[in-house]
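need coordinates for the below:
(2 chains)
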Amino acid sequence: DAMVIQNPRYQVTQFGKPVTLSCSQTLNHNVMYWYQQKSSQAPKLLFHYYDKDFNNEADTPDNFQSRRPNTSFCFLDIRSPGLGDAAMYLCATQDYKGTDTQYFGPGTRLTVL
Amino acid sequence: GQQVMQIPQYQHVQEGEDFTTYCNSSTTLSNIQWYKQRPGGHPVFLIQLVKSGEVKKQKRLTFQFGEAKKNSSLHITATQTTDVGTYFCAGQQGGKLIFGQGTELSVKP
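Numbering: from 1, shown residues only, chains lettered A, B, ... in the order given. Model (predicted):
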């Protein structure tokens, strides 16, 4: 089935140790999003790609970077994770020429020790 | 910027009771979407409303979009334990979704 896949599902890292989260999609959607979601809060948009065009949210810390090498894959790099970066990270895709529906992956739960 | 407010934050009901969550935007929305997130899960798309005054139903769920396209509601009739989760509304702005804070629904059997 076409879907949005995130790896790993659970990631444990140490304070300050770089970590990369992965998202892949088989939907061939041109838009990919990264959200951060903390407990009992709404997803918070970090950035998104429209094709290869990168769009950063104004309040996304410089500590967060992203790469999209091709249509199918998108990566979230956290250069120096802090304790406050522990959260669920959600990837979502959207077909910009279709409906506005976003399709979310299962998320990666990041723990920072 | 656009803000989407959602109330209540939490709702505890007895199984069989009805449930409603309300969403209000500071600006007119081109459309509004509703998502459900089960505990430990990810947001799953439920429905999109586009037209002023639109009402859509999915089994026991009724979604409404206000005449001014600035508010919306989700009503669940006769809740079941499978309805447990957090319900988010989200307004579309410039290719981005602006999420409400969500309403966490718990259902007591």
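
mind checking how far A:Pro18 is from A:Ser80?
Separation of A:Pro18 from A:Ser80 (C-beta to C-beta, to the nearest Å): 7 Å. (Each C-beta comes from the backbone N, C-alpha and C, glycine too.)

please name the bridge partners of B:Thr86.
B:Gln37, B:Glu104 (DSSP bridges).

from what I can see B:Phe75 touches B:Lys59, true?
That one is not Phe; residue B:75 is His. No - taking C-beta atoms under 8 Å as the definition, B:His75 is not a contact partner of B:Lys59, at 12.0 Å.

how about the residues of chain A near chain B?
Neighbours of chain B within chain A, by C-beta under 8 Å from any C-beta of the partner chain: A:31, A:40-43, A:45, A:48, A:50, A:90, A:96, A:99-107.

phi, psi of B:Gln9?
In terms of degrees, to the nearest 10, the main-chain angles of B:Gln9 are phi -80, psi -40.

for it, give me the pLDDT.
For B:Gln9, the pLDDT comes out at 96.

got it, and the one 4 residues further on?
At B:Val13, the predicted lDDT confidence score is 97.

tell me, how many residues neighbour A:Val19?
20 (other C-beta atoms under 10 Å in any protein chain shown).

any idea how far it is from chain B?
19 Å (C-beta to the nearest C-beta, to the nearest Å).

that residue pairs with what?
Counting by DSSP bridges, A:Val19 is bridged to A:Ile78.

my guess is it meets A:Leu113, correct?
No - judged on C-beta under 8 Å, A:Val19 makes no contact with A:Leu113 at a distance of 11.6 Å.

show me what counts as buried in stretch B:56-76.
Neighbour-count burial for stretch B:56-76 flags B:56, B:61-66, B:69-74, B:76 (criterion: 16 or more other C-beta atoms under 10 Å in any protein chain shown).

ok, now how distant is the spatially closest residue to A:Tyr10 that is not a sequence neighbour from A:Gly82?
Using C-beta to C-beta, 6 or more residues apart in numbering or on different chains and skipping residues adjacent in sequence, the residue nearest A:Tyr10 is A:Arg109, 5.0 Å away. Here the criterion is C-beta to C-beta. By it, A:Arg109 lies 16 Å from A:Gly82.

in space, what's closest to B:Tyr35 - neighbours in sequence excluded?
Closest residue in space to B:Tyr35, ignoring its immediate chain neighbours: B:Pro43 at 4.0 Å, by C-beta to C-beta, 6+ apart.

tell me where chain A has strands.
A:4-7, A:10-13, A:19-25, A:31-37, A:44-50, A:53-56, A:64-67, A:73-78, A:87-94, A:103-104, A:108-112 (DSSP state E).

filter the residues of chain A next to chain B to the buried ones?
Applying 16+ other C-beta under 10 Å to the residues of chain A next to chain B, the neighbour count classes A:31, A:42-43, A:45, A:48, A:90, A:100-107 as buried.

can you give me the buried ones in stretch A:22-32?
Using 16+ other C-beta under 10 Å as the test for burial, stretch A:22-32 gives A:Ser22, A:Cys23, A:Ser24, A:Gln25, A:Leu27, A:His29, A:Asn30, A:Val31, A:Met32.

residues in chain B within reach of chain A, list them.
Residues of chain B lying near chain A by C-beta under 8 Å from any C-beta: B:31, B:33, B:35, B:41-45, B:48, B:88, B:92, B:95-97, B:99-102, B:104.

try it again with 7 Å
Residues of chain B lying near chain A by C-beta under 7 Å from any C-beta of the partner chain: B:31, B:33, B:42-43, B:45, B:48, B:88, B:92, B:95-97, B:99-102.
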